[in-house]
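Asks: what shape does this take:
(one chain, ligands or ions: 1)
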Amino acid sequence: MDRKNLFIAFEGIDGSGKSTQVNMLSAFLTERGHKVYTTCEPTESKIGKMIRDIFNHRMEGDQRVIAALFAADRLNHLLNSEDGILNKLEEGYTVITDRYYFSSYAYHSVHGIDMDWIIQTNSLSADLLRPDLNIYIDIQPEVSMERLKKGRTHIEMYETLENLSKVHKKYREAFEKIGDKEEVFYVNGDRTSSAISADINKKITSMI
Ligand code: ADP
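Replies: Just a heads-up that it's a prediction; the model follows:
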């Protein structure tokens, strides 16, 4: 790898603490003088908005349509000339994203879409940019469900215990399937934010 600034993707079921850890890692790296760009999927683009409109029942969308929109949103996330990830990396930013293609592998396959199709459909993104590190926050679905209930006034489409459990299982399946093609750091999410953050900081420090 000739690029020194890292591209890091956080993965995990809803309520696993991804956005909390994205912020903590961003603060950690910023304090150490890195230029950090944090982002998430679905993005704020028009394609991302369509995905959110489907989630919020403002627009009809079959699960296969959702899966295809996510693949398009991801490509735009990488290639957009204004704030695309590839440009940000070129500009020297460390880029941290809350969700990337492993989220698609896990979430869409729960709805009966063949995981190999999802992997194939996202292969343009994977060929453009694989994360230097996928950080998977592994948490018991029961624990994340409790956190979501505490922290939110409404629960979104995917956020039932049954669904979180299915997604949790599909993540495992995806990591097993992809094997050593990807760098994955597993972190136990059933702990305090600072304990989780300490593990992540240590891992990232070893890479920079
Ligand atoms: P995600 O982005 O994965 O959905 P969040 O970071 O938004 O998860 O966290 C979900 C909820 O759980 C939030 O209310 C957050 O404050 C809380 N939370 C995050 N990490 C922890 C933790 N380690 N222990 C307890 N609560 C947490």
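
Asks: show me what contacts whatever residue of the chain ends up closest to the ligand?
Replies: Proximity of the chain to the ligand (CB to the nearest ligand atom) peaks at Gly151, 2.7 Å away. Where C-beta positions appear, they are placed from N, C-alpha and C, glycine not excepted. By CB atoms under 8 Å, 6 or more residues apart in numbering, the contact set of Gly151 is Gly15.

Asks: give the buried residues for the helix or strand of the chain with the lowest mean pLDDT.
Replies: Comparing helices and strands within the chain by mean pLDDT, DSSP states H and E singles out helix 141-151 as the least confident, with a mean of 91. The neighbour-count check on helix 141-151 (16 or more other CB atoms under 10 Å) flags Pro141, Val143, Ser144, Met145, Arg147, Leu148 as buried.

Asks: my read: the fourth one touches Ile13, true?
Replies: What that stands for is Met145. No: Met145 is beyond contact range of Ile13, at 9.2 Å (criterion: CB atoms under 8 Å).

Asks: filter the buried residues of helix 141-151 down to the ones near the ligand?
Replies: Arg147 (CB under 6 Å from any ligand atom).

Asks: quick one: which of the buried residues of helix 141-151 is nearest Glu162?
Replies: Nearest to Glu162 among the buried residues of helix 141-151 is Pro141, at 8.7 Å by CB to CB.

Asks: so what's the closest one closest to, chain neighbours aside?
Replies: Leu164 (4.0 Å; CB to CB, 6 or more residues apart in numbering).

Asks: who does the helix or strand harbouring the one you found touch, helix- and strand-wise?
Replies: Using DSSP states H and E, Leu164 maps to helix 161-178. In terms of contacts (3 or more CB pairs under 8 Å, 6 or more residues apart in numbering; DSSP states H and E), helix 161-178 is packed against helix 101-110, helix 115-121, helix 141-151.

Asks: ok now that helix, how far from the chain's centre?
Replies: 14 Å (CA atoms, centre = their mean, to the nearest Å).

Asks: Phe61: what's it in contact with?
Replies: Rather than Phe, residue 61 is Gly. Met50, Ile51, Asp53, Ile54, Leu69.

Asks: what about Phe175, how many residues nearby?
Replies: Using other CB atoms under 10 Å, Phe175 has 19 other residues around it.

Asks: return the residues in contact with it.
Replies: Contacts of Phe175 by CB under 8 Å, 6+ apart are Phe102, Tyr136, Glu182, Val184.

Asks: do a quick rundown of the helices in this structure.
Replies: Counting by DSSP state H, the chain has these helices, from start to end: 18-31, 46-55, 63-79, 85-90, 101-110, 115-121, 123-128, 141-151, 161-178, 193-207.

Asks: which one is Thr121 nearest to, not counting chain neighbours?
Replies: Ala71 (4.7 Å).

Asks: just the pLDDT for Ile155.
Replies: pLDDT for Ile155: 60.

Asks: I meant to write Gly179 there.
Replies: Here, the pLDDT recorded for Gly179 equals 88.

Asks: that one and Glu173, how far apart?
Replies: When distance is defined by CB to CB, to the nearest Å, Gly179 is 12 Å away from Glu173.

Asks: which of these two has more neighbours?
Replies: For Gly179 versus Glu173, the count of surrounding residues by other CB under 10 Å is larger for Glu173: 13 against 8.

Asks: near the ligand, which residues of the protein show up?
Replies: Counting by CB under 6 Å from any ligand atom, the chain comes close to the ligand at 12, 14-20, 147, 151, 192-193, 196.
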